[in-house]
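Trainee: Only the shape, not the letters, is given here:
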């Protein structure tokens, strides 16, 4: 389960995200829908450990999600990315595994799970 508790994120004095309580059960598909500026990307960046909240916490499987835990459990693909070279998705994912001290076999397992294996 992923739980958000008293989560707040702001930039300067502008509060961009505020969640009192939200639980997403394990295995549950969950979508974020909203206007531009509603906080969807901010929530994903918090969940992926890219940004830290000013207040509150994110729990994954009951553990408070510090940056290290979040980065090993959650992946984030930004809307606009620039890849250098002609690498396959598998090769890119393997590089990210290495950067995050995760077994490179994880990349192929994930690609197989979502039907994108070679």
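Mentor: That came in fine, so what should we check first? Just so it is clear, the structure is predicted and the values come from calculations on it, not from any experiment.
Trainee: from memory residue 4 sits against residue 30, does it?
Mentor: No: using C-beta atoms under 8 Å as the test, residue 4 is too far from residue 30 to be in contact (11.4 Å). Heads up, the C-betas are built off the backbone N, CA and C, glycines and all.
Trainee: okay, the two: which has more neighbours?
Mentor: Shown here are residue 4 and residue 30; by other C-beta atoms under 10 Å, residue 4 has more neighbours (21 against 8).
Trainee: Please report how far that one lies from residue 40.
Mentor: Distance of residue 4 to residue 40, computed by C-beta to C-beta, to the nearest Å: 13 Å.
Trainee: Could I get the full set of helices for the chain?
Mentor: Using DSSP state H, the helices of the chain run over 40-47, 67-73, 89-99, 105-113.
Trainee: pull the helix or strand with minimum mean pLDDT from the chain.
Mentor: helix 67-73 (a mean of 76; mean pLDDT, DSSP states H and E).
Trainee: from the chain's centre, how far out does it sit?
Mentor: 9 Å (C-alpha atoms, centre = their mean, to the nearest Å).
Trainee: got it, and stretch 66-73?
Mentor: 9 Å.
Trainee: remind me which residues of this structure are low pLDDT?
Mentor: For the chain, the stretches with pLDDT under 70 are 79-81, 83, 118.
Trainee: Work out which residue lies at the spatial centre of this structure.
Mentor: When C-alpha atoms, centre = their mean is applied to the chain, the residue found nearest the centroid is residue 48 (2.9 Å).
Trainee: Tell me the backbone dihedrals of that residue, please.
Mentor: phi -80, psi 0 (degrees, to the nearest 10).
Trainee: Could you report the separation of residue 95 from residue 87?
Mentor: Following C-beta to C-beta, the distance that separates residue 95 from residue 87 is 8 Å.
Trainee: same deal with residue 55?
Mentor: 39 Å.
Trainee: what about residue 113, how many residues close to it?
Mentor: Residue 113, neighbours per other C-beta under 10 Å, totals 9.
Trainee: Residue 31 too?
Mentor: The number of residues packed near residue 31 is 5, by other C-beta under 10 Å.
Trainee: residue contacts, residue 56?
Mentor: 4, 5, 6, 7, 8, 19 (C-beta atoms under 8 Å, 6 or more residues apart in numbering).
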